[in-house]
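1. Next comes the sequence, and after it the predicted model I'd like to discuss.
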2 protein chains.
Amino acid sequence: MEFSKYKKINDYSYSLGAFPTLELLKNKNEYVLKVYIHSSFKNKEVINEIYHLVNKEKIEITSSNKIFNILSNDKENVYIIGIFKKYETNLDINEEHVLLDNPSNMGNLGTMIRSSLGFDFKNIAIILPGVDIFDPKVIRSSMGSIFSVNIEYFSSLEEYKKKYNNHDIYSFMLQTENYLDEYKFNNLTNRYSTLAFGNEATGLNYDLYKDLNPIKIYISPKIDSLNITNAMTIALYEFNKQKRKK
Amino acid sequence: MEFSKYKKINDYSYSLGAFPTLELLKNKNEYVLKVYIHSSFKNKEVINEIYHLVNKEKIEITSSNKIFNILSNDKENVYIIGIFKKYETNLDINEEHVLLDNPSNMGNLGTMIRSSLGFDFKNIAIILPGVDIFDPKVIRSSMGSIFSVNIEYFSSLEEYKKKYNNHDIYSFMLQTENYLDEYKFNNLTNRYSTLAFGNEATGLNYDLYKDLNPIKIYISPKIDSLNITNAMTIALYEFNKQKRKK
């Protein structure tokens, strides 16, 4: 099988670099199609770990730069590539969720996935439209953490609310006077929390989210807003802190 | 005078886009050399504000794409450019500081400047080596907030400590058991705080910073570290919150 440069329509994608590829092998091993190791890659510990994690017949060590040139670009310095079949996941109904409404920047999405996992949110709802989660740019900026979370797409907020109606949604937006640093999240048995964040440029749709526990982060009037990944990470930090102190 | 594509060695730089250029005009007006307005730019409110803020003879409205093609690239959709003479600033000795040791990514640096201003840190020390703060990529990702903060370069941590010896340094690193969410920052009269963050890839040098109040942010063992801009923004949020609640 010949693998070509990423297209959304392909049924496979790939991780570029040793670290994201090891995360792929550890967490989504059953979907791995092939691992390419560049013959100039000499880190024996990593190579041994790859052999330990995946069937030998799926591993190809190559001194040809061809596949590396096709799938990555020179300045990325990639020596390991993991090819995998795309898969679908559903969210765990009895866990906290992150909800991203129309995320439009691949680097940001990857960083947000990494932060989510960092604060123990392993379930991410994406309301469409939104960038393709399996684009190698998303995978790379997630540092492979994408392979440890569940991600589910929804065509609308309504569809999400219907399916996960045991969740209370908390909506991060600027148009409210409820400040995060004085906010107390619910603590009810059999209810779970969903922290919702909007698009990089436009934020959450006010009319759709205004009655869903709006919260804002205090910032100086000298700036318009925080970068979305920073705002989201602060929110997850504060939620996680309250939860651990219960 | 002809302006050419950015070089570190030039004594001028430029802001690309209406928003960062307005920030330049509002905050560093005395260094503005020229403002270019593309003739297809029709936002009268912005144009009036530019005329209100800067001498007419410094403004050139042009239907030629030349200067826009030279200084920006097509996909950025830039219709306003502000050219300014580079300037030096010193930190305010009686204010809190952020210290960045060897920041190496321009986009991250811009985002960190924006977050700093958002949490009322208007003074940023950079320990060299570090990327050029006046590179248009830094200016753009700072959304122009760079024009509202003081930035001072130091060749070493020692040089910084000697000059600003009324500051207590708090060092964000992974190699400590002091967690931010249980941390109490000092509250001494005549002492100020400096929050220190390391390079994207390597963090702070342990030997240099280990005795300077090391602090870490709790994260799940499932990820190695947070993205540096996210980690820094959480730290500034928590510090700012404690300060406002005093």
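-> Noted; the coordinates are in hand.
2. Low-confidence regions, chain A specifically.
-> By pLDDT under 70, the weakly predicted segments of chain A are A:74-75.
3. which bits of chain A sit near chain B?
-> A:111, A:114-115, A:117-120, A:143, A:145, A:148, A:181, A:217-220, A:222-224, A:226-227, A:229-230, A:233-234, A:237, A:240-241, A:244 (C-beta under 8 Å from any C-beta of the partner chain). From N, CA and C alone the C-beta is placed, and that goes for glycine too.
4. What segments of chain A are helices?
-> A:18-27, A:44-53, A:66-71, A:106-118, A:136-141, A:157-163, A:206-209, A:228-245 (DSSP state H).
5. burial count for residue A:92?
-> Other residues within reach of residue A:92, judged by other C-beta atoms under 10 Å in any protein chain shown, total 13.
6. so it makes contact with residue A:149?
-> No: between residue A:92 and residue A:149 there is no contact under C-beta atoms under 8 Å: 10.2 Å.
7. which residues do the two both contact?
-> A:122-123 (C-beta atoms under 8 Å, 6 or more residues apart in numbering or on different chains).
8. so how many other residues sit close to the closest residue to residue A:141 other than its chain neighbours?
-> Leaving aside its sequence neighbours, residue A:141 sits nearest to residue A:110 (C-beta to C-beta, 6 or more residues apart in numbering or on different chains; 2.8 Å). Residues lying near residue A:110 (other C-beta under 10 Å) number 28.
9. And for the one 4 residues further on?
-> Using other C-beta under 10 Å, residue A:114 has 27 neighbouring residues.
10. ok, now residue A:51?
-> 13.
11. Let me see the contact set for it.
-> By C-beta under 8 Å, 6+ apart, the contact set of residue A:51 is residue A:59.
12. can you tell me which residues contact the most centrally placed residue in chain A?
-> Most central in chain A under C-alpha atoms, centre = their mean is residue A:113, positioned 2.7 Å from the mean C-alpha point. Contact analysis of residue A:113 by C-beta under 8 Å, 6+ apart lists A:124, A:138, A:142, A:145-146, A:149, A:151.
13. Write the PyMOL selection for whichever of the residues of chain A next to chain B are buried.
-> Buried residues within the residues of chain A next to chain B, by 16 or more other C-beta atoms under 10 Å in any protein chain shown, are selected in PyMOL with:
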select buried, chain A and resi 111+114+115+117+118+119+120+143+145+148+181+217+218+219+223+226+227+229+230+233+234+237+240+241
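14. Let me know which of the helices of chain A is tucked in deepest.
-> Most buried of these by mean neighbour count (mean count of other C-beta atoms under 10 Å in any protein chain shown) is helix A:106-118; its value is a mean of 25.
15. what distance separates that helix from the centre of its chain?
-> Taking C-alpha atoms, centre = their mean, to the nearest Å, one finds helix A:106-118 lying 5 Å from the centre of the chain it belongs to.
16. between it and helix A:228-245, how many degrees?
-> Angle between the axes of helix A:106-118 and helix A:228-245 is 10 degrees (criterion: axes from the mean of the first three to the mean of the last three C-alpha atoms, to 10 degrees).
17. count of neighbours near residue A:191?
-> Neighbours of residue A:191 (other C-beta under 10 Å): 10.
18. Excluding chain neighbours, what is closest to it?
-> Residue A:191 sits nearest to residue A:168 (C-beta to C-beta, 6+ apart), 5.7 Å away.
19. From what I see, that neighbour and residue A:192 are in contact.
-> Yes: between residue A:168 and residue A:192 there is a contact under C-beta under 8 Å: 7.4 Å.
20. so what's residue A:40 up against?
-> A:63, A:79.
21. and what of the one 4 residues further on?
-> Shown here is residue A:44, which makes no contacts under the criterion C-beta under 8 Å, 6+ apart.
22. Pull up the gap between it and residue A:37, please.
-> Applying C-beta to C-beta, to the nearest Å, one obtains 11 Å for the distance of residue A:44 from residue A:37.
23. Equivalent analysis for residue A:211, please.
-> Distance from residue A:211 to residue A:37, by C-beta to C-beta: 53 Å.
24. now swap in residue A:79 and tell me
-> Look at residue A:79 and residue A:37: by C-beta to C-beta, they are 7 Å apart.
25. tell me the contacts of the closest residue in space to residue A:222 that isn't next to it in sequence?
-> Excluding its sequence neighbours, the residue lying closest to residue A:222 (C-beta to C-beta, 6+ apart) is residue B:117, at 5.2 Å. Each residue near residue B:117 by C-beta under 8 Å, 6+ apart is listed here: A:220, A:222-223, B:145, B:148-149.
26. again, 10 Å this time
-> A:219-220, A:222-223, B:98, B:124, B:142-149, B:236 (C-beta atoms under 10 Å, 6 or more residues apart in numbering or on different chains).
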